[in-house]
Every structure is written in C-alpha cells, then in structure tokens.
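Asker: below are the sequence and a predicted model for it; my questions follow.
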Amino acid sequence: METSLVFFPQLNMCESKEKTFFKLVHGSGKEETSKEAKIRAKEKRNRLSLLLQKPEFHEETHTGRSGHLAKETRVSPEEAMKWGESFDKLLSHRDGLEAFTRFLKTEFSEENIEFWIACEDFKKSKEPQQIILKAKEIYEKFIQNDAPQEVNLDFHTKEVITKSVTQPSLHSFDAAQSRVYQLMEQDSYTRFLKSDIYLDLIEGRPQRPTNLRRRSRSFTCNEFQDVKSDVAIWL
C-alpha cells in the first residue's frame, strides 16, 4: 500500500508572510529609531557648538564658580562677629547684608530686606522724573494690595503712601521703611544670629545647605505689640 504525501504549501506561505511582515515592521522601526537618534545627536552637536562659540559662556561659568567660592571665604570670623553687635552693623557691611538676605530667603521673607534696599536707593534719587518713576515701581512691587512682593504694613501707613505716590518726595516711604526695619531687627535678626548661616561664618566653617521654611506674614501684627503702628485704626 502506497502512502500518499500531502503538502500544504499555504502553510509555508503564511510562515513566509509572517516572517516578512515581522522583518518589515521591526526593520523599519530600527531604521526610524536610528534616524531619530542621528537627528537628536546632530541637534546636540549644534547646540554645543553654539555655546562654545560664545565667549561669554566661558566667562559666566568661570565667574560664577569663582564668585561662589569668594562668598564662602572672603568673610573672616572676626568680621562676622561684629555683625552680632547691632543690626545697623550687619546692614552697613556688604557681606553682612548679603548673608542676612540669604537667611531671609530660607524663610521666604526676602521682600522685607529688598524693600529696605529699594528705599535706600530711592532716597538717593535727584531728578524729579526719577523720583516719580522709582516711587511708582516701589509702590507697585511692595506696597499695593496683592503686590508681587508685598510687605506687611498697617492700613494707615499704606493709605498715606497711596495718597502721596502720585506726587512723591524723597521721604514718601520713610514710615514704611522704618516699620519694616523694626520688624526685621526684632524678629528676623535675632533668628539670624542663631542660624547655621551666621554660626558657620563666625566659626569659619564652610557653608552648609539650608532648609527652607515658610513663615506666615501674619506674625507682624501679633508678635510685635511694642512696635509703634496704627493697627488700631482698622481693627
């Protein structure tokens, strides 16, 4: 009895088609991936070449690093000790002002010292037009309601400034500046003297990373009853 052999050529055809399809799919994927990789590599090379062609890129990198090192080493412990004698001595020294500003940033209250600095700069204005422009900038940045860096002032002080800002004088912000100065001296300054930033300086230790913590600005009216203000007017 003869045995019949039956062939199913369609099976081989299916297998061949599947293999062909598999190769086409994965082959094209690799090809596209390779093209995308080449494009990305080319873009990176172009960006790098542009940076290297700019001389200020090297200057800023070098200056930034050396400036950071200078901030850590240029203050002697003896000089830093003097800042603990009074708040005035701290603010009158450039490095002291810088260290105190760095401390306020850890508490998210740097608007106070920035307002004080802006007022000091404002009082040096000479031209009438310059006085008007700077007064408007200070008012919009620190005084008006919902200002981007609004300082915590009592209602009466803010009202006086609001009325005078259209025709400002060099003394328009004196009351507000004095108020903010007192708040910093009696609150922030005492904490600064106990902070790692200051203790590292007087001990001659390298600066350490500082923790950021949010303080509510409502403390200014509750914790400083001895600071003269007109809060009672609007309570």
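Answerer: That came through fine.
Asker: drop to CA atoms for contacts and neighbour counts, all remaining ones
Answerer: Fine.
Asker: need the nearest residue in space to I131, chain neighbours excluded.
Answerer: Computed as Cα to Cα, 6 or more residues apart in numbering, the closest residue to I131 that is not its neighbour in sequence is S125, at 5.9 Å.
Asker: next up, phi/psi of the one you found, please.
Answerer: Per-residue torsions, S125: phi -70, psi 150 (degrees, to the nearest 10).
Asker: so how many other residues sit close to it?
Answerer: Residues lying near S125 (other Cα atoms under 10 Å) number 15.
Asker: domain-wise, how is the chain divided?
Answerer: Domain segmentation of the chain under automatic domain parsing yields 11-53, 77-233.
Asker: worst average pLDDT in these?
Answerer: Lowest mean pLDDT within the domains of the chain: domain 11-53, at a mean of 51.
Asker: and the residue nearest to I131, how far from K163?
Answerer: Between S125 and K163 the distance is 20 Å, computed by Cα to Cα, to the nearest Å.
Asker: do L104 as well
Answerer: Relative to K163, and taking Cα to Cα, L104 is found at 30 Å.
Asker: of the two, who's got more company?
Answerer: Taking other Cα under 10 Å, L104 and K163 do not tie; L104 has more neighbours (21 against 11).
Asker: right, and that one touches E110 too?
Answerer: Yes: the pair L104 / E110 is scored as a contact, 4.9 Å apart, by Cα atoms under 8 Å.
Asker: for S169, which non-adjacent residue is closest in space?
Answerer: Spatial nearest neighbour of S169, chain neighbours left out: I131 (7.2 Å); criterion: Cα to Cα, 6+ apart.
Asker: report the buried residues of the helix or strand where the one you found lies.
Answerer: According to DSSP states H and E, I131 maps onto helix 128-138. Using 16 or more other Cα atoms under 10 Å as the test for burial, helix 128-138 gives I131, I132, K134, A135, K136, I138.
Asker: who does that helix touch, helix- and strand-wise?
Answerer: helix 111-122 (3 or more Cα pairs under 8 Å, 6 or more residues apart in numbering; DSSP states H and E).
Asker: run through the neighbouring helices and strands of the helix it packs on.
Answerer: Against helix 111-122 (3+ Cα pairs under 8 Å, 6+ apart) you get helix 128-138, helix 174-183.
Asker: can you map out the helices along the chain?
Answerer: For the chain, the helices defined by DSSP state H occupy 9-53, 55-73, 77-82, 87-92, 94-106, 111-122, 128-138, 155-164, 174-183, 189-192, 196-203, 219-222.
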